[in-house]
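In: Whatever this is, show me its structure:
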Amino acid sequence: MHSSLFWFLLASTISGLSFAQDFSTHEINLDDAGNFTLKWAVEGDSIDIEVQVKVTGWIALGISPDGGLARADLLFAYFDITTGRINATDRMAQLSADGSQVQVMMDTVQNWEYLTGTKSDKGLTVRVRRKLETCDSMDQPITADTTRIVYSMGQELPSNILRPSIPAGIFTGKKLLLLDESLAVRRMGEPIRPATTLEWNILMDGIRIPENTDEFTQCSLQKIPTFSKRLHLIKVEPRVEQGNNEIVSSMMVYICQDFVTVSTTPKNFDCGSATSSAPVLGNCTVMLAAWANGGTTLRYPDDVGYPIGPELSDRYVLLRVRYTLDNFSTSNQRRVDSSGLKMHLSDKLRKFEAGVLPVGLADDVIVPSYFNTLRTFGLCSDPCTKEALLDDGVSVFGGLLHTGTSGKSARLRQIRDGIELPSLLKDDHLAADYQENRGIYPRRRILKGDQLLLDCSYAANVPETDALNSSSSRVETCFATVLYYPRMNMTSCQSSYLMESLGEQLGLEAQENLQPQLIVLPKSIINSTNIDLLNITTEGNITVIHPIVLQPASSLNITHVAKRDVLSVDWANRLRSFNWTPEATRITQAFYSNGTVGSKCTFENGQSETSVISRPHFIPTKPPNSTCPEPTTLLPGWVPVQTVLSLNAPQANTPRSTRSSAATMNGTSVILTLLSFGAYFVTVVWTGG
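Out: Now for the predicted structure:
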């Protein structure tokens, strides 16, 4: 026969199988009530996912490109009462014109491989597998970036199960790090950790949230308990005031120098103003813990703990909480807050003693309220790592990426001898309301002379005309923490933009104001001298204090406090009220992308080193090669021959029940058309031999 007409009917009905032992390495309840549990494990280039729900009807679990329902890549599973089996299919969400309904469309290529499923009185359990990258335009790739999950479930089956229409309002969203060995998501099968010996709460005490402000930062000095022996911090748990989840943006705890007390500094104070709080913040630089919006509990690895010993007894920590009040509403959020962090300490000491190193930008940046794209960077320079690191460096096991509300991506680059190594931390789909501590596996080494460059990008998603004509400003940040061991004496390695340079480019005239500033100096600097006369200069936003009169003063015991009129230029406040023009916005975008910064490393003894440096030049690391074939350009209505073969030939990631054997074709195969009928699709192939 010189020609044959083949019709291949691919259906998606799948049989239920019995369960094997628990396979998963991660587990999380997507809802607070525990009605929708997600388990998963990654092996090679595939991910196995198990869904447990407390309904006996249907399940929808999807990966969204942007957090919405449109074009979400869905797994749709249900119990078929006529066959007594569970069916699981690869679908795509399509929103109705008014956005009220979700049409669950069948994907033309079934990339979810059904493994097993059961139904009981308690609900449904379904386990599936798929490739991380399917090379299917209707699927969303699963990467190490923040993944937007959408999910729903129901007790009753939709009337049209082949193309169900589900109310959009019953879907819920969740953000996860599926490929990250997160320090927050529970990894199953781990050794039992030592029990907590002591719980230490570091919380705000009902502070008042001011009105008529977009953002507010509050600090609280709190005394460290008395410790009789050395302990290890093994877990940090956020305690966010009920009702204030959306406005608590970040919480950070720093250990202060031994001369900082409530007798020299108010216990609670507004620390959002650089000029009023810089002296206090400059003496509380040893970071104990950091948390950002959406984060959960940080658990240290089993062989690592943060040391807390008797030497810290009766000293103070500084709790710094930032509130973002853009969406503040008195109807659903409180005007007071008692949020903070709970420290879990253990007397079972671990092998390695950790430190937390802040990197990135030390100060906020002021940007227009509306813009299309903007980039900033913060630098930990090579002079700092040469000075602070041990000869064999430090091991990095995790960290946190943090931006403000318009942050879209962040990448902590490691540069050695002018060559970029693979990123320490990276997220190209960062979410402002989900910034979680991330694990780094395998652990990485930072060596003397390495540079740590934190790149952050932002997008306001507004029309070009609005983006270039903005009369208001917003605050953004670009910050990261590095969790490492063994602990070193460098407490931070960050940079600040030299804002007077931007002011000059924008045509702003310097307005020098005499502002009172509280200066607290340690005994090591005072060294029994009289400091009534100081030479105080301002270099950009860096205040330099030089004692110039050395005169015995035996009355000076531990600290000396002096109130001086400090000559300063408050560029941040100037830019907050700046009337942005299209040209000013472009100048600001260019300045933040490539401007000069002051890179500063601070040490445990309070000393610091600062150098003025530009963005470093380096040979970038090569991105991984794509496993997907190049797209083929075809005439409208045509599809490539290999697509037909992939649909009909048995594939490793295709459910066994949907596989059909492709006939042996001799000669040339020509596709005539591809027809789709609901849950079925038919390929018509003409072969000549």
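
In: Would you map the strands across the stretch 351-500 of the chain?
Out: Using DSSP state E, counting those that start in this stretch, the strands found in the stretch 351-500 of the chain span residues 352-353, 355-361, 365-368, 373-380, 394-403, 407-416, 419-427, 438-446, 451-459, 473-476, 478-485, 490-497.

In: Of all these, which one is nearest Asn283?
Out: Checking the strands of the stretch 351-500 of the chain against Asn283 by CB to CB gives strand 490-497 as the closest, at 11.1 Å. C-beta coordinates here come from the backbone N, C-alpha and C atoms, glycine included.

In: For Pro582, what are phi and psi?
Out: Recorded main-chain torsions at Pro582 are phi -60, psi -40, according to degrees, to the nearest 10.

In: Retrieve the pLDDT associated with it.
Out: On the pLDDT scale, Pro582 is placed at 86.

In: what's the distance between it and Pro368?
Out: Pro582 sits 10 Å away from Pro368, going by CB to CB, to the nearest Å.

In: out of those two, which sits in the more crowded spot?
Out: The neighbour comparison of Pro582 against Pro368 (other CB atoms under 10 Å) goes to Pro368, with 24 against 14.

In: Name the spans of this protein whose pLDDT lies under the cut-off.
Out: By pLDDT under 70, the low-scoring segments of the chain are 1-22, 181-195, 273-279, 327-334, 461-472, 510-570, 631-689.

In: Report the contact partners of the residue nearest the centre of it.
Out: In the chain, the C-alpha nearest the mean C-alpha coordinate belongs to Gln435, at 3.1 Å (CA atoms, centre = their mean). Each residue near Gln435 by CB atoms under 8 Å, 6 or more residues apart in numbering is listed here: Ala292, Asn293, Gly294, Gly295, Leu400, Leu401, His402, Thr403.

In: is it true that Thr151 touches Leu61?
Out: Small correction: residue 151 is Tyr, not Thr. Yes: the criterion here is CB atoms under 8 Å, and Tyr151 meets it with Leu61 at 4.9 Å.

In: Would you state the helices of the stretch 101-250 of the chain in chain order?
Out: Ranges of helices in the stretch 101-250 of the chain, per DSSP state H, counting those that start in this stretch: none exist.

In: Would you confirm that Gly305 belongs to a strand?
Out: Yes: the assignment for Gly305 by DSSP: H, G, I helix; E, B strand; the rest coil puts it in a strand.

In: bridging residues for it?
Out: When bridges are called by DSSP bridges, Gly305 pairs up with Glu353.

In: I figured it hits Arg350, correct?
Out: Yes: counting by CB under 8 Å, Arg350 is a contact partner of Gly305 at 4.2 Å.

In: which one of these two has more residues nearby?
Out: Using other CB under 10 Å as the criterion, Gly305 and Arg350 rank with Gly305 on top: 25 against 20.

In: The closest residue to Ile63 other than its chain neighbours: neighbour count?
Out: Leaving aside its sequence neighbours, Ile63 sits nearest to Gln140 (CB to CB, 6 or more residues apart in numbering; 4.2 Å). For Gln140, the count of nearby residues is 19 (other CB under 10 Å).

In: Phi and psi next, for Gln140.
Out: Note on Gln140: backbone dihedrals following degrees, to the nearest 10 are phi -100, psi 130.

In: who's in contact with it?
Out: Going by CB under 8 Å, 6+ apart, Gln140 touches Ile63, Ser64, Pro65, Ala72, Asp73.

In: Return the distance of it relative to Glu311.
Out: According to CB to CB, Gln140 and Glu311 sit 51 Å apart.

In: Also Ile446?
Out: Taken as CB to CB, the span from Ile446 to Glu311 is 26 Å.

In: Likewise for Asp45?
Out: Noted for Asp45: a distance of 49 Å to Glu311, by CB to CB.

In: For Val365, list the residues it contacts.
Out: Applying CB under 8 Å, 6+ apart to Val365 gives the contacts Thr376, Val475, Glu476, Thr477, Cys478, Tyr497, Tyr592.

In: right, and the third one touches Phe371 too?
Out: Spelled out, that is Glu476. No: if you go by CB under 8 Å, Glu476 and Phe371 don't touch, sitting 10.2 Å apart.

In: Between those two, which contacts overlap?
Out: Counting by CB under 8 Å, 6+ apart, the contacts common to Glu476 and Phe371 are Tyr458.

In: Based on its surroundings, how many neighbours for Ser46?
Out: So Ser46, with other CB under 10 Å, has 15 neighbours.

In: now Trp571
Out: When neighbours are counted by other CB under 10 Å, Trp571 comes out with 23.

In: hey, where'd the strands end up in the stretch 201-350 of the chain?
Out: Along the stretch 201-350 of the chain, counting by DSSP E, counting those that start in this stretch, strands occupy 207-208, 215-223, 231-239, 248-255, 268-270, 286-292, 298-299, 304-308, 316-324, 336-337, 340-346.

In: Which one of these lies nearest to Gly503?
Out: Per CB to CB, nearest to Gly503 of those: strand 215-223, 21.4 Å.
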